[in-house]
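Undergrad: build me a model:
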Amino acid sequence: IDPQDLKLQMQGVLQGRLGADEMATLLAWYRSPVGRKVVAAELAGVSQDDYAMLQETLDALQERYRGSERERLFARFDRATHATRMMVDNGAAIQVAMAVTLSGAIPGLQALPFAEIKHAVEARRQAMRGMAGQQIYLNYLYTYQDLSIEEIGAYIDFALSDSG
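TA: Numbers count the residues shown, from 1 in each chain. Below you'll find the model as predicted:
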């Protein structure tokens with residue numbers, strides 16, 4: 001993947017879908033204090049140094065926020081960002097691609113039809129949704145742990161807006 005090419009493609013898509021006013025609104029939000037904080041949190045992700053301590057951190061965050069407003073906001077966050085749906089869609093697409101590739105790569109075995117492979121993967125979508133939802137929830141707790149409830153609410157409101 002060429003990052004510059006991807007950037008140009010994304011710019012083209014955004015410019016094709018958003019008018020000048022919408023683009024200005026989008027940029028203004030991302031340049032706002034909350035927007036900058038969200039972007040910084042998302043870009044920080046998990047560093048190699050943090051990875052070893054990640055499971056302990058996630059367990060502690062899950063316990064800390066059990067029954068809290070932050071936990072209750074997650075469903076709204078997930079609906080606004082489509083995070084679980086996108087993770088499931090991407091996971092299903094990768095599984096289909098890998099199965100199709102492997103199906104034709106094993107000598108002596110007849111390749112399975114694409115439709116059959118896709119149907120088998122799609123039949124597991126509900127199970128994938130449960131696993132993906134839990135991963136997205138833990139990622140939400142970790143990534144946005146330094147944002148206040150109000151800032152998370154502002155991010156959700158933005159994600160639900162036309163520009164978001």
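
Undergrad: at which residues are the helices of this structure located?
TA: 3-17, 20-31, 33-44, 48-51, 54-65, 69-81, 83-103, 114-122, 125-143, 149-160 (DSSP state H).

Undergrad: now the angle from the first one to helix 20-31?
TA: Here helix 3-17 points in a direction 130 degrees away from that of helix 20-31 (axes from the mean of the first three to the mean of the last three Cα atoms, to 10 degrees).

Undergrad: mean pLDDT for the helices of the chain: which is lowest?
TA: Of all those, the minimum mean pLDDT falls on helix 48-51 (a mean of 66).

Undergrad: quick revisit: rebuild the helices of the chain as CSV, extending it with mean neighbour count.
TA: (Glycine included, C-beta is placed from N, CA and C.) Output for the helices of the chain, formatted as CSV (neighbours: other Cβ atoms under 10 Å):
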stretch, mean neighbour count
helix 3-17, 10
helix 20-31, 13
helix 33-44, 14
helix 48-51, 8
helix 54-65, 13
helix 69-81, 16
helix 83-103, 15
helix 114-122, 14
helix 125-143, 16
helix 149-160, 17
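
Undergrad: need the per-residue pLDDT for residue 47.
TA: For residue 47, the pLDDT comes out at 65.

Undergrad: what do you get for residue 113?
TA: Residue 113 is assigned a pLDDT of 82 by the prediction.

Undergrad: distance check, it against residue 104.
TA: According to Cβ to Cβ, to the nearest Å, residue 113 and residue 104 sit 11 Å apart.

Undergrad: what does residue 93 give?
TA: Shown here: residue 93 relative to residue 104, a distance of 17 Å by Cβ to Cβ.

Undergrad: check contacts around residue 143.
TA: Applying Cβ atoms under 8 Å, 6 or more residues apart in numbering to residue 143 gives the contacts 41-42, 44-45.

Undergrad: tell me how far it lies from residue 39.
TA: From residue 143 over to residue 39 (counting by Cβ to Cβ), the distance is 11 Å.

Undergrad: repeat for residue 147
TA: Distance from residue 147 to residue 39, by Cβ to Cβ: 11 Å.

Undergrad: now residue 66
TA: On the measure of Cβ to Cβ, residue 66 and residue 39 end up 28 Å apart.

Undergrad: try residue 135
TA: Distance of residue 135 to residue 39, computed by Cβ to Cβ: 21 Å.

Undergrad: neighbouring contacts of stretch 87-106?
TA: Defining contact as Cβ under 8 Å, 6+ apart, one finds that stretch 87-106 is touched by 109, 111-112, 114, 117-118, 120-122, 125, 128-129, 132, 135-136.
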